[in-house]
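A.B. asks: Sequence isn't available, so here's the structure alone:
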């Protein structure tokens with residue numbers, strides 16, 4: 001009996017526990033489709049011409065409103081956009097799909113449509129870090145200005 005418990009039951013119990021810990025969390029991830037109301041910001045994004053900048057497969061553009069007094073326009077893997085206490089919205093500007101991120105309950109200049117996009121197919125445990133283009137923006141006297149930027153052309157500089 002002792003042999004049965006030590007050699008068979010303990011390994012079975014061990015693998016059952018590993019299986020339970022390895023189960024994927026099936027939360028419902030979605031983004032509400034919205035209309036960006038800030039005309040200055042939309043005009044600025046149009047003037048940049050996002051189609052002219054390099055995106056790796058699996059990357060998308062996003063606007064990040066989570067830091068006070070600045071907006072980040074950047075590209076990243078979709079799976080890295082979803083974080084705790086963050087609202088995720090989706091808009092289209094000049095044929096570019098752009099995710100919008102904000103802190104829970106923060107005001108951002110959007111019109112909500114009530115329509116949602118299912119994002120469950122994205123891998124939410126993505127630990128890769130990649131080079132990408134970004135612009136840090138700030139509104140000054142009703143005009144959008146670039147605070148800093150980094151443009152990635154798809155090539156890694158060898159130094």
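C.D. replies: Done, it's in. Predicted model only: the values in this text are computed from it and were never measured. Numbers count the residues shown, from 1 in each chain.
A.B. asks: Lowest mean pLDDT among the helices and strands of this structure, which one is it?
C.D. replies: For the chain, using mean pLDDT, DSSP states H and E, the weakest element among its helices and strands is helix 10-21, scoring a mean of 48.
A.B. asks: Verify the contact between residue 96 and residue 51 for me.
C.D. replies: Yes. Judged on Cβ atoms under 8 Å, residue 96 makes contact with residue 51 at a distance of 6.9 Å. The way it works is simple: take the backbone N, C-alpha and C, and place the C-beta from them, glycine included.
A.B. asks: Which one of these two is surrounded by more residues?
C.D. replies: Applying other Cβ atoms under 10 Å to residue 96 and residue 51 shows that residue 96 carries more neighbours, namely 17 against 9.
A.B. asks: Quick check: the gap between that one and residue 84.
C.D. replies: According to Cβ to Cβ, to the nearest Å, residue 96 and residue 84 sit 27 Å apart.
A.B. asks: Next: residue 151.
C.D. replies: 30 Å.
A.B. asks: who's more crowded, those two?
C.D. replies: For residue 151 and residue 84, the more surrounded residue by other Cβ under 10 Å is residue 151, and the numbers stand at 11 against 5.
A.B. asks: which ones are touching the closest residue to the more buried one other than its chain neighbours?
C.D. replies: Among residues not flanking residue 151 along the chain, residue 133 sits closest, at 5.0 Å (Cβ to Cβ, 6 or more residues apart in numbering). By Cβ atoms under 8 Å, 6 or more residues apart in numbering, residue 133 lies in contact with 53-54, 74-75, 149-152.
A.B. asks: make it 10 Å
C.D. replies: Residues near residue 133 by Cβ atoms under 10 Å, 6 or more residues apart in numbering: 48, 50, 53-55, 59, 61, 73-75, 149-154.
A.B. asks: Pull the most distant pair out of these.
C.D. replies: 73 and 154 (18.2 Å; Cβ to Cβ).
A.B. asks: And the spatially most central residue of the chain, its phi and psi?
C.D. replies: Central residue of the chain (Cα atoms, centre = their mean): residue 81, 1.8 Å from the mean position. Note on residue 81: backbone dihedrals following degrees, to the nearest 10 are phi -80, psi -20.
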